[in-house]
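Peer 1: Sequence plus predicted model, see below.
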Amino acid sequence: MAFHKPVNLNIMRLEFVRVEEANDLVNQIIEHHPHAIFLSDNNLKIKFFNHSFQKLCKCDKRDIIDHDFCAVIGCKECNKIDDNAEQHAKKCHMHELMSGSNLSEFALIRDFEINNETVTKHLHIDTHKVVMNEKKYRLVIIDDRTGDKIK
């Protein structure tokens, strides 16, 4: 019978002298994370995004910042309704789920229009409410599982 030494789960403890150092580290982790990550206001207007999000939606940076998530990602359901953000929230199920009160995780299979091509994506989406400078935001992390094989 083999006994294993207990594992210390608190392996990485970082201490920073300045807040800027911690901010720089967090920004680098987010920017280079393999999942698509963005920060939006409560209407899902994108305020910040990482490189993986830009790759997912295949858009220029100027076509992402301050634009509605559904418009940026090319949601086919939203393309059927006009650009009014309130109508998006009422009619687009994905938009409704992402901006909803407490739902934090869901999977979605949906058609998107990316580079004038209809693409069916299987997305796993985590949403989290965050407050910065007394403003409410939504942090969204998207794992594109389109190519994953089902076991």
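Peer 2: Structure's in. What do you need?
Peer 1: What segments of this structure are helices?
Peer 2: 19-31, 51-57, 69-73, 76-79, 85-91, 93-98 (DSSP state H).
Peer 1: Let me see the mean pLDDT of stretch 47-67.
Peer 2: Averaged across stretch 47-67, pLDDT comes to 94.
Peer 1: Where does pLDDT dip in the chain?
Peer 2: 1-12, 79-91, 100-103, 149-151 (pLDDT under 70).
Peer 1: out of the helices of the chain, nearest to L44?
Peer 2: L44 lies closest to helix 69-73 among the helices of the chain, at 4.2 Å (C-beta to C-beta). C-beta here means a position set from N, CA and C on the backbone, and glycine is covered the same way.
Peer 1: what's in contact with that closest one?
Peer 2: 38, 40, 44-46, 56-57, 59, 63-64, 77-78, 83, 88, 92, 94-95, 98, 112, 114, 140 (C-beta atoms under 8 Å, 6 or more residues apart in numbering).
Peer 1: swap the cut-off to 7 Å and go again
Peer 2: 40, 44, 46, 57, 59, 63-64, 78, 88, 92, 94-95, 98, 112 (C-beta atoms under 7 Å, 6 or more residues apart in numbering).
Peer 1: quick one: which of the residues you listed is nearest to D126?
Peer 2: M98 (10.1 Å).
Peer 1: hmm, back to that, Throw together a PyMOL command that grabs the buried residues out of the contacts of helix 69-73.
Peer 2: Restricted to buried positions by 16 or more other C-beta atoms under 10 Å, the PyMOL selection for the contacts of helix 69-73 reads:
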select buried, resi 40+44+46+57+59+64+78+88+92+94+95+98+112
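Peer 1: Show me where this protein has its strands.
Peer 2: Along the chain, the segments classed as strands by DSSP state E run 36-40, 46-49, 105-114, 117-132, 135-144.
Peer 1: any chance of those in a markdown table, with distance to N27 too?
Peer 2: Listed next are the strands of the chain as a markdown table, based on distance: least, C-beta to C-beta, whole Å:
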| stretch | distance to N27 |
| --- | --- |
| strand 36-40 | 11 |
| strand 46-49 | 10 |
| strand 105-114 | 24 |
| strand 117-132 | 13 |
| strand 135-144 | 14 |
